[in-house]
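S.K.: How does the following fold in three dimensions:
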Amino acid sequence: MDPVRTVRLHWVHGALSDASYHLMRFRFSRHSPHAWQPAINAYRCKSCIRICVDLAGVDKSEIDLQIEPRRVLLRGTRDNPEPAAKDHRTTQTIAMEIDYGPFIRSISLPAEIDPEKATASQEKGFLWISLPIKKS
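M.R.: Now for the predicted structure:
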């Protein structure tokens, strides 16, 4: 196969993939972003379950955390991180990969926990949730 044609086909395929990704991501409207799911790491320790949620840029007043014996439900909103208009007027968006808008994440737990003793704190853009395992 002709190497120039191969490169051209790869470029067209990549451009089409990028376009379809952005159409799915923004659901045809930049003003009504879809709900996204923040990334998590979950750890089972001897006496508790610890969950780390990546929520950089989200103020704790924007987080709704519901803890049930076998599930954690997390909801909230993250604003679109853009340069301040007065400091830097945007003339072109080069890349836009950070999710924003409403988010929701449901996490099923492998053991029953005690919701009354659960704690949460924010550190360096991460929400840390500590869930003591209920003693049988």
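
S.K.: Helix, strand, or coil at the most centrally placed residue in the chain?
M.R.: Closest residue to the average C-alpha location of the chain: residue 38 at 2.1 Å, with Cα atoms, centre = their mean. Under DSSP: H, G, I helix; E, B strand; the rest coil, residue 38 falls in the coil class.

S.K.: And residue 116, by the same measure?
M.R.: helix.

S.K.: and it, what pLDDT?
M.R.: For residue 116, the pLDDT comes out at 95.

S.K.: Contacts only, for the nearest residue to residue 99 once chain neighbours are set aside.
M.R.: Distances taken as Cβ to Cβ, 6 or more residues apart in numbering place residue 36 nearest to residue 99, at 3.9 Å, with adjacent residues excluded. The C-beta positions use only the backbone N, C-alpha and C, and glycine is treated the same way. Under the criterion of Cβ atoms under 8 Å, 6 or more residues apart in numbering, the contact list for residue 36 reads 99, 100, 101, 102, 103.

S.K.: Kind regards, and thank you for your time.
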